[in-house]
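**Q** here is a sequence together with a model predicted from it:
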Amino acid sequence: MTENFEFDVHSIFYPSEGYTPWTVDNAITIKVYNAKQTCHSFYRLSLTDNTVTLLRAEDKNWATHTGRFHQDVAEETGEFVYVVESNQEPQNIWMSDAAFESPQRITDLNPHLQTIDFGRGELIEWTLEDGQTVKGILVLPIEASEQNPAPMIVEVYAGAMPSSRINQFGFGNGGVPHIRPGMFVSRGYAVFLPDFPVRKIEPHKQFSEVILPGIDAAIATKKVDAERLGVIGGSFGGYTVNVLITQTTRFKAAVALASPSNLISGFLNQPDTGWYEAGQFGMGGSLWEFPQRYIDGSPIFHLDRVETPLLLIHGDQDFIPFDQAKQTFMGLARLEKEVVLLKYKEADHWPGFWSNENLADYWERVLNWFDEYLK
């Protein structure tokens with residue numbers, strides 16, 4: 001019914017008591033997503049002639065969630081209940097009449113957060129050599145300006161598309177405790193969250209080709225200091241960091257959390273070899289089919305090119321063996337490069353399960369690391 005509609009339909013409103021869409025005048029209410037503005041809007045879709053009528057377009061700084069526990073409709077009155085958030089304000093419950101003419105906020109959760117500066121976010125774009133347009137979120141501290149450019153930390157994860165999170169609270173990193181833009185912004189850093197499209201086979205070969213033009217686009221705003229750039233990533237993002245610092249010397253400091261670095265030992269030690277063959281690493285086959293790919297894609301074999309000080313962080317209960325980080329550390333140390341390795345006790349792959357003590361220590365060390373090299 002919406003094949004000629006230019007936006008993505010995210011959800012249909014229906015009462016929580018059942019799964020039948022709520023109708024008025026033989027029309028249903030839908031929530032759609034505008035990818036260009038990364039925002040949501042409400043429309044009414046006629047079931048007789050398929051016409052779509054705009055009810056309310058939320059400001060692009062607001063977005064609504066979908067799902068059974070994020071929206072509801074009262075059958076008798078036609079009032080809608082839904083959840084709204086912005087990059088500066090956490091999720092709250094809103095209510096509106098059937099025509100969406102007078103929406104009202106019902107809850108005010110954690111009002112103290114409104115006194116905290118989480119940074120000003122803006123979308124920037126750049127074009128790759130193949131003509132592909134890529135987006136990213138540049139989060140700036142309030143004091144950043146052309147007269148006072150801020151040092152910038154780039155959060156990387158090859159294959160991720162964080163630009164869609166520009167209207168989510170804290171720019172959508174609430175589920176990633178070790179990478180929160182607000183923490184860096186509070187210390188005067190700009191944070192860059194770039195989309196990172198890569199091909200399926202040997203994606204590592206594209207890492208610098210995708211990210212460096214994005215960094216140039218951020219620098220072109222003149223609010224970022226081109227000489228004070230850092231990079232951080234966790235899990236496959238940590239692998240992304242390890243690869244990048246073998247491909248470019250533009251970063252003055254790097255942090256890699258839970259980061260693979262040796263695809264050969266990883267392939268041999270990991271029960272799920274599909275992660276390497278057909279998954280994120282994109283080797284396209286086994287170690288014995290493409291041995292050179294495994295060597296080329298392993299930062300451990302290219303550490304002699306590294307000029308960026310690297311802070312390696314790993315939990316002792318991570319499913320990615322600690323030996324992966326240890327090999328990177330030993331290699332860089334023997335090459336007399338600047339490197340530090342931290343091993344956290346009773347810490348697994350996702351820091352969301354780490355103790356508060358571990359997380360507090362993590363943040364102190366990460367911030368001090370970037371302060372040392374970028375300030």
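**A** On my side now, so go ahead.
**Q** CA only for contacts and neighbour counts going forward, please
**A** Will do.
**Q** mean pLDDT per helix and strand in the chain: which one sits at the bottom?
**A** strand 63-64 (a mean of 50; mean pLDDT, DSSP states H and E).
**Q** what comes into contact with the very next helix or strand once past it?
**A** Next along the chain after strand 63-64, taking DSSP states H and E as the criterion, comes strand 71-73. Where contact means CA atoms under 8 Å, 6 or more residues apart in numbering, the residues beyond strand 71-73 that reach it are 13-16, 22, 65, 79-83.
**Q** burial count for the closest residue to V340 other than its chain neighbours?
**A** The shortest distance from V340 to any non-neighbouring residue, by CA to CA, 6 or more residues apart in numbering, is to L311 (4.9 Å). By other CA atoms under 10 Å, 21 other residues sit near L311.
**Q** let me know the helix or strand that L311 is in.
**A** For L311, the host element (DSSP H and E) is strand 310-315.
**Q** now do that strand: distance to the chain's middle.
**A** Relative to its chain's centre, strand 310-315 lies at 19 Å (CA atoms, centre = their mean, to the nearest Å).
**Q** please save the CA atoms from it in PDB.
**A** Output in PDB follows, covering the C-alpha atoms of strand 310-315 (Å, rounded to 0.1, in the frame of the first residue of the first chain):
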ATOM      1  CA  LEU A 310      48.100   2.800  21.700                       C
ATOM      2  CA  LEU A 311      46.200   1.900  24.800                       C
ATOM      3  CA  LEU A 312      45.000  -1.700  24.700                       C
ATOM      4  CA  ILE A 313      42.200  -2.700  27.100                       C
ATOM      5  CA  HIS A 314      40.900  -6.300  27.700                       C
ATOM      6  CA  GLY A 315      38.800  -8.100  30.100                       C
END
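**Q** any idea of the mean pLDDT for it?
**A** Throughout strand 310-315, pLDDT has a mean value of 98.
**Q** again, but for stretch 136-143
**A** Mean predicted confidence for stretch 136-143 is 95.
**Q** stretch 290-301 now?
**A** 97.
**Q** now the longest helix seen in the chain - C-alpha only, PDB.
**A** Longest helix in the chain, counting residues (DSSP state H): helix 356-374. Extracted as PDB, the C-alpha positions of helix 356-374 are listed here (Å, rounded to 0.1, in the frame of the first residue of the first chain):
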ATOM      1  CA  ASN A 356      31.300   0.400  38.500                       C
ATOM      2  CA  GLU A 357      34.800   0.200  39.900                       C
ATOM      3  CA  ASN A 358      36.200  -1.100  36.700                       C
ATOM      4  CA  LEU A 359      34.200   1.400  34.500                       C
ATOM      5  CA  ALA A 360      35.400   4.300  36.700                       C
ATOM      6  CA  ASP A 361      39.000   3.200  36.400                       C
ATOM      7  CA  TYR A 362      38.500   2.600  32.600                       C
ATOM      8  CA  TRP A 363      37.200   6.100  32.100                       C
ATOM      9  CA  GLU A 364      39.900   7.700  34.200                       C
ATOM     10  CA  ARG A 365      42.700   5.900  32.200                       C
ATOM     11  CA  VAL A 366      41.100   6.500  28.800                       C
ATOM     12  CA  LEU A 367      40.600  10.200  29.400                       C
ATOM     13  CA  ASN A 368      44.000  10.700  30.800                       C
ATOM     14  CA  TRP A 369      45.500   8.900  27.800                       C
ATOM     15  CA  PHE A 370      43.900  11.200  25.400                       C
ATOM     16  CA  ASP A 371      44.600  14.200  27.500                       C
ATOM     17  CA  GLU A 372      48.300  13.300  27.500                       C
ATOM     18  CA  TYR A 373      48.600  13.100  23.700                       C
ATOM     19  CA  LEU A 374      45.900  15.500  22.500                       C
END
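**Q** report pLDDT for the residue nearest to the spatial centre of the chain.
**A** Centroid-nearest residue in the chain, with CA atoms, centre = their mean: P162, separated by 4.1 Å. pLDDT recorded at P162 is 91.
**Q** specify the angle between the longest strand along the chain and strand 310-315 in degrees.
**A** Across the chain, the longest stretch assigned as strand under DSSP state E is strand 224-234. Strand 224-234 runs at 30 degrees relative to strand 310-315, counting by axes from the mean of the first three to the mean of the last three CA atoms, to 10 degrees.
**Q** and strand 224-234, what does it pack onto?
**A** If you count contacts as 3 or more CA pairs under 8 Å, 6 or more residues apart in numbering; DSSP states H and E, strand 224-234 packs onto strand 150-155, helix 207-219, helix 236-247, strand 253-257, helix 356-374.
**Q** which intervals of the chain have sub-threshold pLDDT?
**A** 1, 17-18, 33-39, 59-69, 173-175, 177 (pLDDT under 70).
**Q** apply 90 and report the result again.
**A** In the predicted model, the chain carries pLDDT under 90 at residues 1-94, 96-103, 109-118, 163-180, 269-274, 350-353.
**Q** break it into its domains for me.
**A** Following automatic domain parsing, one finds the domains of the chain at 8-112, 116-262+298-374.
**Q** mind checking which of those domains is nearest Y276?
**A** domain 116-262+298-374 (10.2 Å; CA to CA).
**Q** now the closest one, how far from the chain's geometric center?
**A** On CA atoms, centre = their mean, the centre of domain 116-262+298-374 falls 10 Å from that of its chain.
**Q** quick one: what helix or strand has G182 in it?
**A** For G182, the host element (DSSP H and E) is helix 181-185.
**Q** contacting residues around that helix?
**A** By CA under 8 Å, 6+ apart, helix 181-185 touches 117-119, 139-141, 170-171, 173, 190-191, 367.
**Q** past that helix, which element shows up next along the chain?
**A** As assigned by DSSP H and E, the chain's next helix or strand after helix 181-185 is strand 190-194.
**Q** got the CA coordinates for that following strand in CSV?
**A** Extracted C-alpha coordinates of strand 190-194, given in CSV (Å, rounded to 0.1, in the frame of the first residue of the first chain):
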residue,chain,number,x,y,z
ALA,A,190,34.7,16.9,19.8
VAL,A,191,33.5,13.4,18.9
PHE,A,192,33.1,12.1,15.4
LEU,A,193,30.7,9.2,14.8
PRO,A,194,31.2,8.2,11.1
